[in-house]
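S.K.: Give me the fold of what follows.
(one chain, ligands or ions: 2)
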Amino acid sequence: MISSKAYAAFSAAKPLRSFRLERRDPRPDDIVIEIAYCGICHSDIHTARGEWGPTAYPCVPGHEIVGTVVAAGKKVRGFKPGDLAGVGCLVDSCGTCKPCRASEEQFCQKHISFTYNSTEQDGTTPTQGGYSTHIVVREKFAFRIKKGVPLARVAPLLCAGITTYSPLKRHKIAKGHRVGVVGLGGLGHMAVKLARAMGAHVTVFSTSPGKERDARKLGANDFVLSTKPENFGPLANTLDFVLDTVSAKHDFTPYLMALKNDATMVLVGASPDASEVIASSLIMGRKRLTGSLIGGVKETQEMLDYCFRKKIYCDIELIPAAKINEAYERTIKGDVKYRFVIDAATF
Ligand code: NAP
Ligand code: ZN
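M.R.: Numbers count the residues shown, from 1 in each chain. Ligands and ions are numbered 1, 2, ... in the order given. Predicted coordinates:
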């Protein structure tokens with residue numbers, strides 16, 4: 001077993017604290033990664049606090065993982081010790097169902113092994129995430145990271161990056177499109193950068209007036225304070241696409257109204273509380289409301305290579321492990337610029 005220092009949640013109500021974790025010995029198709037950095041995603045908070053349903057405690061969150069390969073099993077072909085590697089939200093899947101064969105492992109119909117609060121393919125061994133010093137993972141679920149990139153700023157691409165890249169790509173966002181991004185947090189700030197890189201005109205919708213300057217620095221063309229209903233009037237029927245990254249319950253109606261006819265709003269923000277949708281907001285103009293979950297293995301590597309090519313990285317605040325709980329509180333308040341990343345040397 002590989003002993004790993006970590007931080008874990010022990011119950012929904014208590015702060016995370018230091019934890020010693022035993023990782024499995026590497027199998028022939030596994031690599032061992034010494035983690036350098038791990039981002040803090042709002043999903044970590046939803047899970048640590050049991051907001052999405054029961055969490056198996058102790059739970060080590062973290063699915064925005066980058067580090068250095070320190071060992072590789074006999075059958076590993078793509079990595080060798082010394083290489084950089086990343087791990088995102090998935091660590092395994094059945095590999096044989098239709099979505100897996102199409103490299104949409106995030107929709108595996110038999111058993112998705114999420115990086116934490118899930119089980120390995122044996123159905124019993126708990127998975128534990130990246131708030132730790134090491135992770136052991138099948139090479140198929142590890143990503144190649146180019147040498148020389150700013151590693152801490154790459155970590156959040158593994159979730160915030162792919163979650164926003166995938167729907168923008170699927171909906172073929174390109175020059176000439178007007179894209180709305182709702183919520184300027186970890187996902188939202190990457191949505192702005194990626195949509196701009198794809199050529200779109202980007203409007204940020206935010207509840208935080210103080211984020212306007214940052215939004216523009218990140219590349220947004222327009223900023224709309226979403227707490228003022230009168231700001232939506234002039235936007236009716238103007239947007240080709242809306243990507244909603246908000247982590248809490250809110251009204252979708254003003255964004256659906258802002259879409260052009262037949263245009264699509266994609267939910268990636270995963271509030272634990274249900275929102276109501278008034279039928280007329282979809283009926284009028286044949287609007288579409290859909291969702292998107294991270295991305296598959298192939299698409300995640302494609303996103304990383306795209307970001308390396310275009311030098312698109314996350315804006316981060318690097319913190320020691322001892323500040324994880326404070327970072328959770330600040331993230332919940334929307335006070336994050338724009339992703340907290342844990343320095344794994346501090347566990
Ligand atoms: P985050 O950094 O906390 O950003 C969320 C942003 O939403 C906040 O910064 C804030 O932006 C806005 N917001 C928060 N509370 C709000 C409220 N009550 N009303 C309106 N706006 C509010 O979170 P994140 O890490 O980007 O994650 C966002 C959501 O996506 C979470 O629910 C997470 O679980 C989910 N997620 C989904 C996937 C997927 O595959 N679908 C993957 C990763 C994460 P402003 O200050 O600009 O208003
Ligand atoms: Zn995430």
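S.K.: burial measure for the residue nearest to Cys89 when sequence neighbours are not counted, as a count.
M.R.: Nearest residue to Cys89 in three dimensions, chain neighbours excluded: His63, at 4.3 Å (C-beta to C-beta, 6 or more residues apart in numbering). Every C-beta, even on glycine, is put in place using the N, C-alpha and C of the backbone. His63 is flanked by 26 other residues according to other C-beta atoms under 10 Å.
S.K.: Next, the contact list for His63, please.
M.R.: Residues near His63 by C-beta atoms under 8 Å, 6 or more residues apart in numbering: 41, 43-44, 87-89, 114-116, 129-130, 158-159.
S.K.: And those, which of them are buried?
M.R.: With burial judged by 16 or more other C-beta atoms under 10 Å, the buried subset of those is 41, 43-44, 87-89, 114-116, 129-130, 158-159.
S.K.: could you pick out which of the contacts of His63 are near ligand 2?
M.R.: Of the residues in the contacts of His63, proximity to ligand 2 by C-beta under 5 Å from the ion holds for Cys41, Ser43, Cys159.
S.K.: and stretch 292-301, how far apart are its ends?
M.R.: With C-alpha to C-alpha, to the nearest Å applied, stretch 292-301 spans 17 Å between its terminal residues.
S.K.: I would like the residues contacting that stretch, please.
M.R.: In contact with stretch 292-301 (C-beta under 8 Å, 6+ apart) are residues 88-90, 99, 102-107, 140-141, 143-144, 158-159, 162-163, 165-167, 169-170, 266-268, 303.
S.K.: if we can go back for a sec, quick one: which of the buried ones among the contacts of His63 sit in helices?
M.R.: Secondary structure from DSSP state H places Ser43, Asp44 of the buried ones among the contacts of His63 in helices.
S.K.: ok, so of the buried ones among the contacts of His63, who is nearest Gly148?
M.R.: Checking the buried ones among the contacts of His63 against Gly148 with C-beta to C-beta, the nearest one is Leu158 at 18.0 Å.
S.K.: so what's the closest one scoring on pLDDT?
M.R.: pLDDT, Leu158: 98.
S.K.: cool, Lys211 as well?
M.R.: 97.
S.K.: Am I right that it is in a helix?
M.R.: Yes: Lys211 sits within a helix when classified using DSSP: H, G, I helix; E, B strand; the rest coil.
S.K.: And for it, the neighbour number?
M.R.: Lys211 has 23 neighbours, counted by other C-beta under 10 Å.
S.K.: Equivalent analysis for Lys146, please.
M.R.: Count around Lys146 with other C-beta under 10 Å applied: 13.
S.K.: Let me know the secondary structure of it.
M.R.: coil.
S.K.: With distance to ligand 1 added, can I get the buried ones among the contacts of His63 in JSON lines?
M.R.: JSON lines is the format used below for the buried ones among the contacts of His63 (distance: C-beta to the nearest ligand atom, whole Å):
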{"residue": "Cys41", "distance to ligand 1": "5"}
{"residue": "Ser43", "distance to ligand 1": "4"}
{"residue": "Asp44", "distance to ligand 1": "8"}
{"residue": "Val87", "distance to ligand 1": "15"}
{"residue": "Gly88", "distance to ligand 1": "10"}
{"residue": "Cys89", "distance to ligand 1": "7"}
{"residue": "Phe114", "distance to ligand 1": "11"}
{"residue": "Thr115", "distance to ligand 1": "12"}
{"residue": "Tyr116", "distance to ligand 1": "13"}
{"residue": "Gly129", "distance to ligand 1": "13"}
{"residue": "Gly130", "distance to ligand 1": "14"}
{"residue": "Leu158", "distance to ligand 1": "10"}
{"residue": "Cys159", "distance to ligand 1": "5"}
